[in-house]
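K.L.:
structure of the sequence below:
(one chain, ligands or ions: 1)
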Amino acid sequence: MLKRPSILVLGAGYGGLSTVVNLQKEFGADAADITLINKNDYHYESTWLHEAAAGTMKPEDVRYDIKDVIDSVKVKFVQATVEAIDVEGKSVKTDNGVFTYDYLVIGLGFEGETFGIEGLDKYALSIANVKAARYIREHIEFQFATWSTEEVKNDDRLTIIVGGAGFTGIEFLGELGNRVPELCKEFDVPREKVRVLCVEAAPMVLPGFDPELVNYAVGQLESKGIEFSIGTPVVEATPEGVNIKKGDDEFEFIKAGTVVWAAGVRGNRLIEATPIESMRARVKVDKDLRAPGYSDVFIVGDCALMINEAVNRPYPPTAQIAMQQGVQAAKNIKALVDGTDTHTFVPDLKGTVCSLGHDDAIGDVFGGKKVTGKKASFMKKMIDNRALYMIGGAGLVLKKGKFNVL
Ligand SMILES: Cc1cc2nc3c(=O)[nH]c(=O)nc-3n(C[C@H](O)[C@H](O)[C@H](O)COP(=O)(O)OP(=O)(O)OC[C@H]3O[C@@H](n4cnc5c(N)ncnc54)[C@H](O)[C@@H]3O)c2cc1C
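P.N.:
From the prediction side, this is the model:
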């Protein structure tokens, strides 16, 4: 009898979890040894982290237990932190032992990218995972609580700077737009004392989005008191705030109690310690999602980089693509085990919806249809619920789904 293939999946984010639930479908109970390794015993919805960070959603509502969505007869789950990946020796070192594999799927996700800007690593917060999101929420609340009790008021505590007017930055600002009035009420802080400022290096907000939708988004956020400083790169962060470049020799230091950096992501640094070629820890994968030169290693999610040939630019890293890659990676591993051909991964892009709080959004959907307001917000919630459905079926949607549709 042939040895059962051993398949190791690293990371229970959208890419890794989607791979595992689809491997469960592809393989019978005794047909493969499937192991999933993840740092925590829960999955978190990265696409909801801005809500947990702003405090408009509880951090525990963003996550669910991995054991609830995997079939423990077919998949062994190991809670462990991956420390090193040896693609030559076909093994993975973790803080909970060493694991060998015949096929490896790397889905270790994203990390914040600070582009070497001085002080950002140390003094800015990043919406990187559920613990970091909870920290940001509590940090902001702490600033409001301290202001309300200190005798000599330091109004700079109440300034929140968000670095980056891309997707994550705008979604976070949307939540802050709703959260700040609640915080003011809770901590007896006059609204005019609070400043929320978005600082962006590029000359525009939400690059790649339709300009009409961008105007709508900026108008809605400004109406909630959010300020924008566009085309003004952050050049340094300190414990007191950030220094921004306003002209050739013109700089402005803005004092702030909270600085959140939302201006860039990269792949997981563990990739860079392997011989696999990568750019900011993102691997330009082969068409069937394998790492170039390593026929037994698949890469899914934000650690994978794929070029959209229509525009000759990389596809943006999204949950939508990560989940679709998981489906294809599982199918391709089954094909390799069966000795048949693997298939090319083709993303099926269903559009993009960017939320502006729980009750507002902008979207470019169904191949160019523009939607705004409550309609777009409803679509965003349906997208979120669909992602839950793809991983955990109707049960997970009922447990964690968003039904507060207006
Ligand atoms: C605030 C925000 C909003 C977003 N909104 C959208 C959106 O609306 N639509 C969209 O499509 N995309 C959105 N994205 C992007 C999307 O979240 C990512 O593209 C997606 O999470 C990538 O999935 P992944 O599986 O590669 O990684 P992740 O979801 O990051 O999962 C990686 C997993 O690996 C685990 N892990 C990491 N390191 C280790 C280690 N050393 N050992 C063990 N386990 C480890 C992590 O704990 C995690 O469970 C958003 C991102 C953010 C931050």
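K.L.:
what does the pLDDT read for the residue of the stretch 251-400 of the chain found nearest the ligand?
P.N.:
Of all residues in the stretch 251-400 of the chain, the one sitting closest to the ligand is G301 (2.0 Å; Cβ to the nearest ligand atom). All C-beta spots, glycine's among them, are computed from the backbone N, C-alpha and C. For G301, the model assigns a pLDDT of 98.
K.L.:
now do L2
P.N.:
Per-residue confidence for L2 comes out at a pLDDT of 68.
K.L.:
now K245: how far from G116?
P.N.:
Look at K245 and G116: by Cβ to Cβ, to the nearest Å, they are 15 Å apart.
K.L.:
could you do G367 as well?
P.N.:
Separation of G367 from G116 (Cβ to Cβ): 38 Å.
K.L.:
give me the mean pLDDT for stretch 149-166.
P.N.:
pLDDT averaged over stretch 149-166 gives 97.
K.L.:
and stretch 253-272, by the same measure?
P.N.:
Mean pLDDT, computed over stretch 253-272, is 96.
K.L.:
from K122, how far off is I136?
P.N.:
I136 sits 15 Å away from K122, taking Cβ to Cβ as the criterion.
K.L.:
the residue positioned nearest the centre of the chain and the ligand, how far apart?
P.N.:
For the chain, S46 is the residue whose C-alpha lies nearest the centre (Cα atoms, centre = their mean; 4.3 Å). Distance, S46 to the ligand, by Cβ to the nearest ligand atom, to the nearest Å: 3 Å.
K.L.:
contacts only, for that residue.
P.N.:
The neighbours of S46, taking Cβ atoms under 8 Å, 6 or more residues apart in numbering as the test, are G13, Y14, G109, F110, N129, A319.
K.L.:
any idea how many residues pack against E151?
P.N.:
Applying the criterion other Cβ atoms under 10 Å, we find 4 residues in the vicinity of E151.
K.L.:
surely it is in a strand?
P.N.:
No: note on E151: no strand contains this position according to DSSP: H, G, I helix; E, B strand; the rest coil, which reports coil.
K.L.:
partner strands of the least confident helix or strand in the chain by mean pLDDT and their direction?
P.N.:
For the chain, using mean pLDDT, DSSP states H and E, the weakest element among its helices and strands is strand 313-314, scoring a mean of 91. With DSSP bridges as the criterion, the sheet partners recorded for strand 313-314 are strand 307-308 (antiparallel).
K.L.:
mind listing what's buried in the lengthiest helix in the chain?
P.N.:
Secondary structure assigned by DSSP state H gives helix 373-400 as the longest helix of the chain. When neighbours are counted by 16 or more other Cβ atoms under 10 Å, the buried residues of helix 373-400 are found to be 373, 376-381, 383-385, 387-388, 390-392, 396-397, 400.
K.L.:
same deal with stretch 82-99?
P.N.:
Of the residues in stretch 82-99, those buried by neighbour count under the rule 16+ other Cβ under 10 Å are V82, I85, V87, K90, V92, T94, F99.
K.L.:
who in the stretch 101-250 of the chain is up against the ligand?
P.N.:
Applying Cβ under 6 Å from any ligand atom, one finds that the stretch 101-250 of the chain approaches the ligand through G107, L108, G109, F110, I127, T168, E171.
K.L.:
in these, which residue is surrounded by the most others?
P.N.:
Neighbours were tallied for each of these (criterion: other Cβ under 10 Å), and the maximum of 30 neighbours falls on G107.
K.L.:
shouldn't that one be in contact with M323?
P.N.:
No: the pair G107 / M323 is not scored as a contact, 10.4 Å apart, by Cβ atoms under 8 Å.
K.L.:
quickly list what's touching both of the two.
P.N.:
Taking Cβ under 8 Å, 6+ apart as the criterion, G107 and M323 both touch Y14, G15.
K.L.:
ranges for the strands of the stretch 101-250 of the chain?
P.N.:
All strands of the stretch 101-250 of the chain, identified by DSSP state E, counting those that start in this stretch, fall at 103-106, 110-112, 125-126, 159-163, 195-200, 226-230, 234-238, 241-247, 250-255.
K.L.:
winner for burial among those?
P.N.:
Each of these was assessed for mean neighbour count using mean count of other Cβ atoms under 10 Å. The highest is strand 103-106, with a mean of 28.
K.L.:
direction included, what does that one pair against?
P.N.:
Looking at strand 103-106 with DSSP bridges, its paired strands and their directions are strand 6-10 (parallel), strand 294-299 (parallel).
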